[in-house]
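K.L.:
Prediction below, plus the sequence it came from.
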Amino acid sequence: MPDDIARWLIEHARPLDTLTPGAPTEDLKPLGEALRGTRIVGLGESTHGTGEFFRLKHRIVEFLAREEGFTTLAMEASQSAGRALDAYVRHGIGDPERLVARLGFWTWRTREMVDLVEWLRAYNRDLPEERRIRFAGTDPQRCADSVETVTAFLRRRAPERAEDARALEVLAQARPGSRPDPDQALLRRAEEVAGFLADHREASGPEDEVDEALEHAQVLVRAADLVTRSFTPLAGEDSVLAVRDRYMAEAVARLVDNAPEARVMVWAHNGHIAKGTYGEQVPALGSRLWERYGDAYYALALLFGKGSFLARRGDDLQGPPVRHRIGTGFRSLEATFASAVRGDYYADLRADAAPWLHTPQVQRSFGANVPRFVYRFHIAPLVPAKDYDGIAFVARSTCSHPLPRTHS
């Protein structure tokens, strides 16, 4: 089977001339052709701490915005904080480094992400409002901006609900599964607040302040649901991880369905953009998009051969990410990709129905945290044509560049 894969790659791999944003895009034309007829492309990554992935995805975003008519960048980042970053991208409001740092996860607090955001702003600057690229977060957790907006509104306009405001403050930083409650009392309170704001809007008519507060309250409902679920290895639709991916998929669907001309780029881990499941059979964000939109969704995974990447160690949720190193190895799909074709390249998996695309393989996969020492042996199953529509392969990974701690 590795020989079959190698022969297929030699025929189908399309070299990437560079990973550097701003370069000519002739080598990305095959990707553009593969995306004709799609409305959503998932831009994956096998680590959150690889500089080359940031730069290549930045380059792809430039290409898709300029030449393929994509309108929105949606990210596995705070849905709450994403609104302020969208205001910067479209209107220049705020400081980009501070706004990036507020996206909720160390993974995005990088120089590479600021470079992308600044490019989006520069691209939008001279365009009419209706043609400007939007930015959206898709993850309900880490919703400090929503807590601030809703509680401030309640204190000003409904002081009798001060107790609700105090109760919701815990959602600013609470993590999924961190406050398990079979009765989900916090969720019920968030739903009551959202219902109150919806009634207030219906009674008073359209009003920017009420509309904004209601949208943020709806984020808090989703966050409260995640926070109060039990974080167990439960498989299926009711697990914390499955519900998180469902909420992220729904966020993307709203972007697509609310604007007939919208074409959305979804930036997330390979596990999320895949069309199947991950971990303990968790239905991925991408699987829900594929079920809803069919071939109008295209899942592009990013893999690498060898090198280094950033991740936090073990269960440390507060410390800085550190450098991790890994060789090409010999068990994974990446090892075959590295040995078959040298350099960086893209391959469209929809282009051919080769048997190997439909047989079980293994890939490497690293999250925001990785276990000490044994991370080198971490692999995840995949069936290439079932999970992905295309793969971009980067020969060597180096660490992304975190912003100074003052920005976090």
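P.N.:
Looks like it came in fine.
K.L.:
From residue 34, how far off is residue 252?
P.N.:
According to C-beta to C-beta, to the nearest Å, residue 252 stands 19 Å off from residue 34. Quick note: C-beta positions are derived from backbone N, CA and C, even for glycine.
K.L.:
which of those two has more neighbours?
P.N.:
residue 252 (27 against 21; other C-beta atoms under 10 Å).
K.L.:
Pretty sure that one sits against residue 267.
P.N.:
No - using C-beta atoms under 8 Å, residue 252 is not in contact with residue 267; the gap is 10.9 Å.
K.L.:
Give the residues shared as contacts by these two.
P.N.:
Both residue 252 and residue 267 are contacted by residue 74, under the criterion C-beta atoms under 8 Å, 6 or more residues apart in numbering.
K.L.:
Look up how far residue 221 lies from residue 207.
P.N.:
20 Å.
K.L.:
Could you check which of those two has the larger neighbour count?
P.N.:
Ranked by neighbour count (other C-beta under 10 Å), residue 207 and residue 221 place residue 221 first, with 22 against 12.
K.L.:
who's in contact with that one?
P.N.:
Counting by C-beta under 8 Å, 6+ apart, residue 221 touches 187, 190, 191, 194.
K.L.:
swap in residue 340?
P.N.:
With contact taken as C-beta under 8 Å, 6+ apart, residue 340 is in contact with 5, 6, 9, 10, 13.
K.L.:
what's the answer for residue 392, then?
P.N.:
16, 56, 300, 301, 302, 303, 344, 345, 346.
K.L.:
ok, the helix or strand encompassing it: who's next to it in the sheet?
P.N.:
Using DSSP states H and E, residue 392 sits in strand 390-397. Applying DSSP bridges, strand 390-397 is found paired with strand 297-313 (parallel), strand 345-348 (antiparallel).
K.L.:
chain center to it: distance?
P.N.:
18 Å (C-alpha atoms, centre = their mean, to the nearest Å).
K.L.:
again with stretch 270-280
P.N.:
Put simply, stretch 270-280 sits 12 Å off its chain's centre (C-alpha atoms, centre = their mean).
K.L.:
Report the mean confidence score over it.
P.N.:
Stretch 270-280 carries an average pLDDT of 92.
K.L.:
what's the spacing between the residue in the chain sticking out farthest from the centre and residue 207?
P.N.:
Within the chain, the residue lying farthest from the chain centre (C-alpha atoms, centre = their mean) is residue 160, at 38.1 Å. According to C-beta to C-beta, residue 160 and residue 207 sit 19 Å apart.
K.L.:
Only the C-alpha atoms, please, for stretch 272-288, written as PDB.
P.N.:
The C-alpha trace of stretch 272-288 is given here as PDB (Å, rounded to 0.1, in the frame of the first residue of the first chain):
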ATOM      1  CA  HIS A 272     -12.600  19.600  13.600                       C
ATOM      2  CA  ILE A 273     -12.600  20.200   9.900                       C
ATOM      3  CA  ALA A 274     -12.700  16.400   9.100                       C
ATOM      4  CA  LYS A 275     -15.900  15.000   7.600                       C
ATOM      5  CA  GLY A 276     -15.900  12.100  10.000                       C
ATOM      6  CA  THR A 277     -15.300  11.800  13.800                       C
ATOM      7  CA  TYR A 278     -12.400  12.300  16.100                       C
ATOM      8  CA  GLY A 279     -11.300  11.100  19.600                       C
ATOM      9  CA  GLU A 280     -14.000   9.000  21.200                       C
ATOM     10  CA  GLN A 281     -16.200   9.000  18.000                       C
ATOM     11  CA  VAL A 282     -17.000  12.700  18.400                       C
ATOM     12  CA  PRO A 283     -18.900  14.000  15.300                       C
ATOM     13  CA  ALA A 284     -16.700  16.700  14.000                       C
ATOM     14  CA  LEU A 285     -17.600  20.200  12.900                       C
ATOM     15  CA  GLY A 286     -16.800  19.200   9.300                       C
ATOM     16  CA  SER A 287     -19.000  16.200   9.400                       C
ATOM     17  CA  ARG A 288     -22.000  18.400  10.300                       C
END
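K.L.:
Buried ones in that stretch, by neighbour count?
P.N.:
272-278, 282-288 (16 or more other C-beta atoms under 10 Å).
K.L.:
Show me the contact partners of it.
P.N.:
By C-beta under 8 Å, 6+ apart, stretch 272-288 touches 42-44, 76, 138, 233-237, 239, 241-242, 245-246, 248-249, 252, 266, 268, 271, 290, 297, 299-301, 365, 380, 382-383, 386-389.
K.L.:
Buried subset of those as a PyMOL selection?
P.N.:
This is how PyMOL selects the buried members of the contacts of stretch 272-288, with burial counted by 16+ other C-beta under 10 Å:
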select buried, resi 42+43+44+76+138+239+241+242+245+246+248+249+252+266+268+271+290+297+299+300+301+365+380+382+387+388+389
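K.L.:
so of the contacts of stretch 272-288, which ones are in helices?
P.N.:
241, 242, 245, 246, 248, 249, 252, 271, 290, 386, 387 (DSSP state H).
K.L.:
Can you give me the neighbour number for residue 173?
P.N.:
Neighbours around residue 173, by other C-beta under 10 Å: 13.
K.L.:
measure it to residue 15 for me?
P.N.:
44 Å.
K.L.:
With residue 144 instead?
P.N.:
Taking C-beta to C-beta, one finds residue 144 at 44 Å from residue 15.
K.L.:
next one: residue 209
P.N.:
For residue 209, the distance to residue 15 - C-beta to C-beta - is 53 Å.
K.L.:
hmm, back to that, nearest to residue 99, of the strands paired with strand 390-397?
P.N.:
Residue 99 sits nearest to strand 297-313 of all the strands paired with strand 390-397, at 20.8 Å, using C-beta to C-beta.
K.L.:
Okay, buried residues for that closest one please.
P.N.:
So strand 297-313, judged by 16+ other C-beta under 10 Å, has buried residues 297-305, 307-313.
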